[in-house]
Every structure is written in C-alpha cells, then in structure tokens.
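got a sequence here, can you model it:
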Amino acid sequence: MPGGRGGKSREAANPAGGGGAESVTERVLREAHSLYVHPGHGLVTIGSRLGLTLLPPRRKVTVMVMGNHSAGKSSFINWYVEEHIQRTGVAIETQGFTFITSGKKRESLTGNATLHLYPHFQALQSFKGVAEYLSTEICTSKQKQFPLVTFLDTPGLVDGDMKYPFDVEAALIWFGQLCDLILVFFDPMGQALCKRTLNIVEKLNEDHGDKLRFYLSKADEAGAEGDRQRVLMQIVQELCKRPGLNKCGFDMPTIYLPNPNKPSRCVNQIEEICRTIEKTISQTVQHTLNALERDCHLIDKATRNLLEEDSEARSNNFHGRFRGVLLGLAGCLIPFFLLITLLFGTAAARQLWSLVLGKEQSQALELYVRPVASAWSLVPEDYTLSVFFFLLGLSIVLLLLSSYAFQTKPTLSKKQKRQLEDRQDYVLDVVLEKKRQLYEEYLRQSIGEQDLS
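Numbering: from 1, shown residues only. Predicted structure coming up:
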C-alpha cells in the first residue's frame, strides 16, 4: 500500500474539539461499562463484596493487523483513520507493537503509559523486551467506526536471520488471544509465503480461527489479472498445506488503497474490511449486554446463597444454644446432687442438722432430700468413691460440651442484611431494566418499533 515517509505530515485530520455526536453504539457500550465501574454501586464493587470477580467490558473492540514485512498494515490503518499516524515505507518501519486509538487530543504514549491505559495487557511484562517496544498513538479522528476501534499495529514478519528484540511469535499469539479481530495481510511482492507468518497464523487458528480474516493487500501492484490469480493460488495452496487452515469457505479478498490519481481495473474489496469491523463491533455490543445480564444473575444468586447461609447459621446457633443450656443444666445438677448427698446422705450429717435446725425442721428438710439420699443408698459401699468421681467427671464433660455448643457461627447484622437486599434489588430492578433499555435502543437502529413490542 503506497505511502512513504515524505508524505502527509503527522497532523490531526480532525480538530481536537470537533468530534461528532456520540453514536448509539458508543453510548450503549459506554453506559454498559459505567454500570460496572461506578465507584458507589458498580457491579464490580458489588461483586467483590460477594466474593465474585467481575470484569468490566471494554468500550472498544481491538483489531490486530499482522502480516509480512511491507504488507501495507500501517498504510491501511492510516487510510481507515484518515490521518497519517503510522510511518509507512518499504523498509521495516514498525519494529514494535503500537496501539492506535481515538481520544480527545493527539498524543503519543510509551510502554508504561500504554500498560496503564490498557491494564488487561499487564501480563505483557512477562515477555522479555516487549514492554520497551510498546506504544500508543492517540488521535482525534472520528472517521468510519474508529471511535469504537483500537488498532494494534504489529512488526512486519520476515524469514531468515532477522533478529527481533523479543519473542515476536509468542507475543503475537498472546495478543491474538485478547484481540476481537485479527486481520492477516499478504502482499503479492514475494513475501506472501513468509514461513514465520504462516507458522503464527497456524498457531492462532488452533484456538482463535473465528477471529482470523485473510486479505491480499496491494492487489493493484500484482500486475495483470492472470498474475494476480497466480499469486492468490500460490498463497492459498501454501495455506492449505497446513492441516488447520485447510477448510471449506476459505476466502481471501483483494484490497488496495484507492488512489484517484492511479486508477486500477483490479477489484478492490477494502470496504469488506470495514464491514467486518462493523460486524465485530455489533457482536461485541451483544456480548457485552448478554454478559451484563449474566453477571446480574450471578450477583443475585450469590446474594440469595449468602442470605440462605445466614438464615441457616441463625437456625444452627439457636439449636446450639438450646443444646448448650440443656448440657449446662445437666452438668450443674450432678455437682448439686453430690452436694446434697454429702450434706444429708449420712447419719452424722442428719444429727448435725438436728442440732442446728431442730428436730422438726430437720425432719421437714429430710423429707425433701430423701429421694436423693435414697438414690445414693443404691450404690454399694465399696463403689461409693468410684461413683462419686465418675459423676464428678461426667459433670465436667457435660459443662465442656455445653461450652462447645454455645460456640456460634457469625451472622449478618440487620444493617448488613438490609444492605445486601438493597443491592440485590438495585441489580434486579435497576441494572437489568437498564440493560433491557440499552438492548432496545441498540436494536431500534435495525428494526422497527412494532417488532420490539
């Protein structure tokens, strides 16, 4: 794709303050994102209090553009954005990974700032050398669907002794896992059959084949139609040699940057990429809203489980206290029984009480304690001491069991329970209703009012 260093200067094509009106899709993604990250009652905060790890949805789709050296990756991004953001040329211009995204003002960010802007890419620090070759270009363009897209421009791939300052294959495969769409560019000028490119594509296809889209770039430079067809056949044959890539429905549109000063009879399907990006955005909106509903139900289920566990804990605590009281009474009555036996169960004790209380009062007292004294009289005299210590030990055991039974499980206070129920009502009544409204607003772009009833 044409475009050299000496071309259009790297200036914003759109003024910093002249952005267009926010589209419905932008608003839906923004409001869905805000439902997660609100500092007071966002779903991320509510979920964390319930032990759930909820990830806020991204407000943009990430499109990775990869291919061999000089395949026109950076030129395509500049064409889509309608600004000269990335350097282009025959030499290897893109040596690292560059994010191109829409923002309020033109800005360039280095590796650390990029990782701060995209925290979900923090794991890149485990790849030696990648963070130093990571950057972000922010521009004010509002062209096409760029406000909803973040492009990832990747290093040009070549075979031979070319040394990269990092493991480029591992990094590209890792990026492919997180990106929503992967555009693979093959150019017709001799590098299309780059083995390194084909190896990475084969690896990506194993788990992310649905994200891959193949294009023959710079198709207008392939010569006559016959030459172009031969190039396409060579590329397709090489791809189909790889078992994972040999599948039906394989398509490779021909694309090139339209140039009014250089007309070409070659069919240009570059708008096909734009439609593919729009379809990816549409699917992302649907996935985001579906995930929003799913996370709301997760929070509802976790809240109900917590309230049920609290109710069960309160019931167990009540029964535990009841058992503790019974065991405690039993443990206290046995020493009382032994004391009564000691005080009234012997002849010497009865004579002592007669002298202290008088004969009549002593007989009245003996009438009350006679059942205890009678029970103790059933114990043979030789076993009296053994039974005494056994009952004393049993009393200690019962008191220990009573103390254990009084150990209760923690329960929610009335305030905590009310807060849980309030958050549950907010999620079910407010968030789910907002999700329904966002879905209707999004669908209203495509279908009529009568179909939404």
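
kindly provide the distance from residue 310 to residue 83.
57 Å (CB to CB, to the nearest Å). C-beta here means a position set from N, CA and C on the backbone, and glycine is covered the same way.

ramachandran coordinates for the closest residue to residue 108 other than its chain neighbours?
Once flanking residues are discounted, residue 108 sits nearest to residue 137: 5.8 Å by CB to CB, 6 or more residues apart in numbering. The phi and psi values for residue 137, taken as degrees, to the nearest 10, are phi -110, psi 120.

residues touching residue 137, list them.
Taking CB atoms under 8 Å, 6 or more residues apart in numbering, we find residue 137 in contact with 85, 86, 98, 99, 100, 101, 107, 108, 109.

low pLDDT regions in the stretch 1-150 of the chain?
Across the stretch 1-150 of the chain, the ranges flagged by pLDDT under 70 are 1-21, 88-94.

now the helices: where do they sit in the protein?
24-37, 43-49, 73-81, 111-117, 168-178, 195-208, 225-240, 270-344, 347-357, 359-377, 384-405, 414-425, 432-443 (DSSP state H).

format those helices as CSV; extra columns: mean neighbour count and distance to residue 261.
Formatted as CSV, the helices of the chain follow (neighbours: other CB atoms under 10 Å; distance: least, CB to CB, whole Å):
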stretch, mean neighbour count, distance to residue 261
helix 24-37, 18, 35
helix 43-49, 18, 52
helix 73-81, 25, 15
helix 111-117, 15, 37
helix 168-178, 18, 35
helix 195-208, 18, 31
helix 225-240, 15, 21
helix 270-344, 16, 17
helix 347-357, 12, 127
helix 359-377, 13, 119
helix 384-405, 14, 91
helix 414-425, 13, 62
helix 432-443, 16, 41
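
for residue 63, which of those helices is the nearest?
helix 270-344 (6.2 Å; CB to CB).

between that closest one and helix 73-81, how big is the angle?
Put simply, helix 270-344 runs at 90 degrees to helix 73-81, going by axes from the mean of the first three to the mean of the last three CA atoms, to 10 degrees.

now helix 270-344, how far from the chain's geometric center?
Distance of helix 270-344 from its chain centroid, counting by CA atoms, centre = their mean, to the nearest Å, is 22 Å.

ditto for stretch 216-225
Using CA atoms, centre = their mean, the distance between the centre of stretch 216-225 and that of its chain works out at 43 Å.

got the contact list for that stretch?
Here stretch 216-225 makes contact (CB under 8 Å, 6+ apart) with 1, 67, 71-72, 76, 185-189, 192, 228, 231-232, 235, 252-256, 262, 264-268.

now list the buried members of those.
Taking 16 or more other CB atoms under 10 Å as the criterion, what is buried in the contacts of stretch 216-225 is 1, 67, 71-72, 76, 185-188, 192, 228, 231-232, 235, 252-256, 266.

what about stretch 81-95, how long is it end to end?
Counting by CA to CA, to the nearest Å, you get 21 Å between the two ends of stretch 81-95.

kindly apply the preceding question to stretch 241-259 instead.
End-to-end distance of stretch 241-259: 35 Å, with CA to CA as the criterion.

repeat that for stretch 240-259.
Stretch 240-259: ends 33 Å apart by CA to CA.

separation between residue 33 and residue 330?
62 Å.

re earlier: in strands, which of the contacts of residue 137 fall?
Among those, the members falling in strands (DSSP state E) are 98, 99, 100, 101, 107, 108, 109.

if I pick the nearest residue to residue 310 once chain neighbours are set aside, what's in contact with it?
Residue nearest to residue 310 in three dimensions, not counting chain neighbours: residue 412, with 4.7 Å by CB to CB, 6+ apart. Residues near residue 412 by CB under 8 Å, 6+ apart: 306, 307, 310, 420.

just give me the least confident of those.
Across those, the bottom pLDDT score, 85, is held by residue 310.

mind listing what residue 441 touches?
Residue 441 neighbours (CB under 8 Å, 6+ apart): 24, 27, 28.

Throw those into CSV and include distance to residue 117, thanks.
Below are the contacts of residue 441 laid out as CSV (distance: CB to CB, whole Å):
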residue, distance to residue 117
24, 25
27, 22
28, 22
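
sort out which one of these lies nearest residue 58 for me.
Nearest to residue 58 among those: residue 28, at 13.1 Å, using CB to CB.

so where's the stretch 251-400 of the chain shaky on pLDDT?
338-359, 362-379, 381, 384.

try it again with 80
251, 260-265, 317-320, 322, 333-389, 391-392, 398-399 (pLDDT under 80).

before we move on, back to that, so which two of the contacts of residue 412 are the farthest from each other?
Within the contacts of residue 412, two members stand farthest from each other by CB to CB: 310 and 420, at 8.7 Å.
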